[in-house]
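Undergrad: generate a structure from the sequence data that follows.
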Amino acid sequence: MIVIEIRKLAIEDVSDFVKLRKLASTESEWATAVDEDRAKVILESSSTTDSDVWYGAFEGKKLVGAAHFSVHKQADTVGIGNLMVLKSHQGQGIASLFKATAESIAERNGISKLALYVDVTNKKGLAIYKKWGFQRGKETIVEMTMPVFLTPVKVAATENAIYGNW
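TA: Predicted structure coming up:
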């Protein structure tokens, strides 16, 4: 059984974030690497707001996934972006923990739907998002939306983290 902790990334996570993005970019054409300076800007910005934030998936101290969440109150939407999980940890429910995180953010902000953008050639991403209930558009880069509902995944939440056990 592995234990995964989902928590907001902090500036102290910058080195791990850079390593994750670099490795993820070699495993998937959809992930992009960032240098340390850019990563610092991203995580510093993320640490000062709850409306534009990065969360990480940790197995112990190892960062094995990350996702970006943005709150759009006027559009009544929480956006999910740049969701990445290392190949070694795919298929273990980590992406579903990120979805549960998005739902929790939406619930805290009184928001009723989730949205994301995905390239139509990203078959793996499309399959996951369709399984979750997202509706697909017809453009090359599609916005997918779904109403928020609490996903029945094995999680325990605290104010700062979501844990999953498998």
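
Undergrad: when you work out contacts or count neighbours from here on, use the C-alpha atoms and nothing else.
TA: Fine.

Undergrad: which element is residue 40 on?
TA: Using DSSP states H and E, residue 40 falls within helix 36-47.

Undergrad: run the chain-centre distance for stretch 11-26.
TA: 14 Å (CA atoms, centre = their mean, to the nearest Å).

Undergrad: before we move on, what about stretch 98-109?
TA: Taking CA atoms, centre = their mean, one finds the center of stretch 98-109 at 10 Å from the center of the full chain.

Undergrad: which of the residues in that stretch are buried?
TA: By 16 or more other CA atoms under 10 Å, the buried positions in stretch 98-109 come out as 98, 99, 100, 101, 102, 103, 104, 105, 106, 107, 109.

Undergrad: before we move on, what about stretch 53-64?
TA: 53, 54, 55, 56, 57, 58, 63, 64.

Undergrad: so where do the helices sit in the protein?
TA: For the chain, the helices defined by DSSP state H cover 14-27, 36-47, 94-108, 123-132.

Undergrad: can I get the ones you listed in JSON lines with distance to residue 80 and mean pLDDT?
TA: Output for the helices of the chain, formatted as JSON lines (distance: least, CA to CA, whole Å; pLDDT from 0 to 100):
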{"stretch": "helix 14-27", "distance to residue 80": "17", "mean pLDDT": "88"}
{"stretch": "helix 36-47", "distance to residue 80": "14", "mean pLDDT": "84"}
{"stretch": "helix 94-108", "distance to residue 80": "7", "mean pLDDT": "93"}
{"stretch": "helix 123-132", "distance to residue 80": "11", "mean pLDDT": "84"}
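
Undergrad: and those, which is most packed in?
TA: Each of the helices of the chain was scored by mean neighbour count; the highest is helix 94-108, a mean of 21, by mean count of other CA atoms under 10 Å.

Undergrad: what angle sits between that one and helix 123-132?
TA: In terms of direction (axes from the mean of the first three to the mean of the last three CA atoms, to 10 degrees), helix 94-108 departs from helix 123-132 by 50 degrees.
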